[in-house]
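Participant: Curious how this folds, go ahead:
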Amino acid sequence: MEKIPTISIKNSNERKNIISKDILKACQDVGFFTIIDHDLDVNLIKKVLNLSAEFFNLPEEIKNQYHIKDGAGQRGYTPLGIETAKNSKIPDQKEFWHHGRSNWNQKYKIDMPKNLEIKEVEEINNELINLFNNFEEVGKKILSFIAIALDLKENWFEDKINQGNSILRMIHYPELKNNSEGLRAEAHEDINLITLLIGTEQKGLEVYNKEKKWIPINVGSDKIVCNVGDMLQRLTNDTLKSTTHRVSNPIGLGQNQPRYSMPFFLHLNPDCIIKTLPNCIDENSPNKYQDAISANEFLKIRLEEINLK
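Facilitator: Residues are numbered from 1 along each chain as shown. Down below sits the predicted model:
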């Protein structure tokens, strides 16, 4: 079975050039890779996954109190049957909770709404803050490797993401009765810079490779699956690939079981301008994106495309 690359970031200060080359190759070839020997708190991840299950098991009428109409799904709860992959007519079979940045510059208050707190699972609120911060630090480290690989300064991304509209998403894919071969999330690409995914041993995540085949990826709570998003692909003139992926309902072990996962979508600051990097343009790779666009405008366009508005 084909696998996505696995990259250790142990002793990263001494190995940063090697790690950067490995990540660059993975981003160019597949757009996905697995990180091991990271600094994420595995026990915290397991705790938040368990707490998320408590929330999603609450009655619908309670969960729906946390749904913000006309909020583009950016904070709080989004019920089943709303988010729909671009160019798809079938809504994804998932419900989710969005937790964003807790402290941000006031100039972004229009673009970044406040987080909601879950009263019924009170313990989860502080843990989401801790996990968000933990994810962000790991994401910054991975972006520093990408910066080195692109011949940029190691800290090139730091002032462009330090107020980013990043999102920690808790997802619940309910049991799919009488639909053993269905899709829980239709084929799609991510909007943001990079996505970091922590989940359980449950199967279902699949990546579409160059040979036009779906590769299954098993996500455990001791590994981070990282993938390139559309913002980073655009910034690098398609040098790095935002790869299509989906969540299927697996056949066999785990069939028709609920699935929980927790991706972290790392975003640029809302007013950061996405403009093709000069060193990603040459005679063989002319600029495919002549018009620059702010991260916030890009996000708004893409959210409308997936029925979050």
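Participant: now Asn87: how far from Ile215?
Facilitator: Remark: distance between Asn87 and Ile215 (CB to CB, to the nearest Å) = 22 Å. For every residue, glycine as well, the C-beta is placed using N, CA and C.
Participant: Which one's more surrounded, these two?
Facilitator: Ile215 (18 against 10; other CB atoms under 10 Å).
Participant: beta partners for the more buried one?
Facilitator: Beta-bridge partners for Ile215, by DSSP bridges, are Val207.
Participant: Wait, it touches Gly31, no?
Facilitator: No - at 11.4 Å, Ile215 and Gly31 do not qualify as touching, with contact defined as CB atoms under 8 Å.
Participant: Please identify every residue contacting each of those two.
Facilitator: Taking CB atoms under 8 Å, 6 or more residues apart in numbering as the criterion, Ile215 and Gly31 both touch Val207.
Participant: what's the burial count for Glu120?
Facilitator: When counting by other CB under 10 Å, one arrives at 13 neighbours for Glu120.
Participant: Look up phi and psi at the closest residue to it other than its chain neighbours.
Facilitator: Closest residue in space to Glu120, ignoring its immediate chain neighbours: Leu58 at 5.8 Å, by CB to CB, 6 or more residues apart in numbering. The phi and psi torsions at Leu58 (degrees, to the nearest 10) take the values phi -70, psi 160.
Participant: ditto for Leu232
Facilitator: Residue torsions, per degrees, to the nearest 10, at Leu232 are phi -70, psi -40.
Participant: How much space separates the closest residue to it other than its chain neighbours from Ile167?
Facilitator: Distances taken as CB to CB, 6+ apart put Leu193 closest to Leu232, at 4.7 Å, once the chain neighbours are dropped. Between Leu193 and Ile167 the distance is 12 Å, computed by CB to CB.
Participant: Any idea what Ile274 is bridged to?
Facilitator: Counting by DSSP bridges, the residues bridging with Ile274 are Ile293.
Participant: Just confirm it contacts Leu268, I think it does.
Facilitator: Yes - look at Ile274 against Leu268 with CB under 8 Å: they come within range, at 7.1 Å.
Participant: Of those two, which one has the most company?
Facilitator: Per other CB under 10 Å, whichever of Ile274 and Leu268 has more neighbours is Leu268, with 25 against 20.
Participant: So for the more buried one, what's the pLDDT?
Facilitator: pLDDT, Leu268: 97.
Participant: tell me the contacts of it?
Facilitator: 160-161, 164-165, 192-193, 231, 274, 295.
Participant: if we go to 7 Å?
Facilitator: Applying CB atoms under 7 Å, 6 or more residues apart in numbering, we find Leu268 in contact with 160-161, 164, 193, 231, 295.
Participant: Can you name every helix or strand that the top helix by length along the chain contacts?
Facilitator: Looking across the chain with DSSP state H, the single longest helix is helix 123-149. Applying 3 or more CB pairs under 7 Å, 6 or more residues apart in numbering; DSSP states H and E, one finds that helix 123-149 makes contact with helix 12-29, helix 42-56, helix 158-161, strand 167-173, strand 194-199, strand 259-266.
Participant: how about TSV for the ones you listed, with mean neighbour count and distance to Val138 added?
Facilitator: Formatted as TSV, the helices and strands packed on helix 123-149 follow (neighbours: other CB atoms under 10 Å; distance: least, CB to CB, whole Å):
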stretch	mean neighbour count	distance to Val138
helix 12-29	16	11
helix 42-56	17	11
helix 158-161	16	12
strand 167-173	22	12
strand 194-199	24	6
strand 259-266	24	8
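Participant: Least reliable of the ones you listed by average pLDDT, please.
Facilitator: Mean pLDDT values for the helices and strands packed on helix 123-149 show the minimum at strand 194-199, a mean of 86.
Participant: Contacts made by it with the rest, please.
Facilitator: Contacts for strand 194-199 (CB under 7 Å, 6+ apart): 40, 45, 135, 138-139, 142-143, 219, 221, 224-229, 232, 261-266.
Participant: Dump the C-alpha coordinates for that strand into CSV.
Facilitator: Extracted in CSV, the C-alpha atoms of strand 194-199 (Å, rounded to 0.1, in the frame of the first residue of the first chain):
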residue,chain,number,x,y,z
ILE,A,194,-1.4,24.4,6.0
THR,A,195,-3.6,22.0,7.9
LEU,A,196,-2.4,19.9,10.9
LEU,A,197,-4.6,17.0,11.6
ILE,A,198,-4.8,14.9,14.8
GLY,A,199,-7.4,12.1,15.1
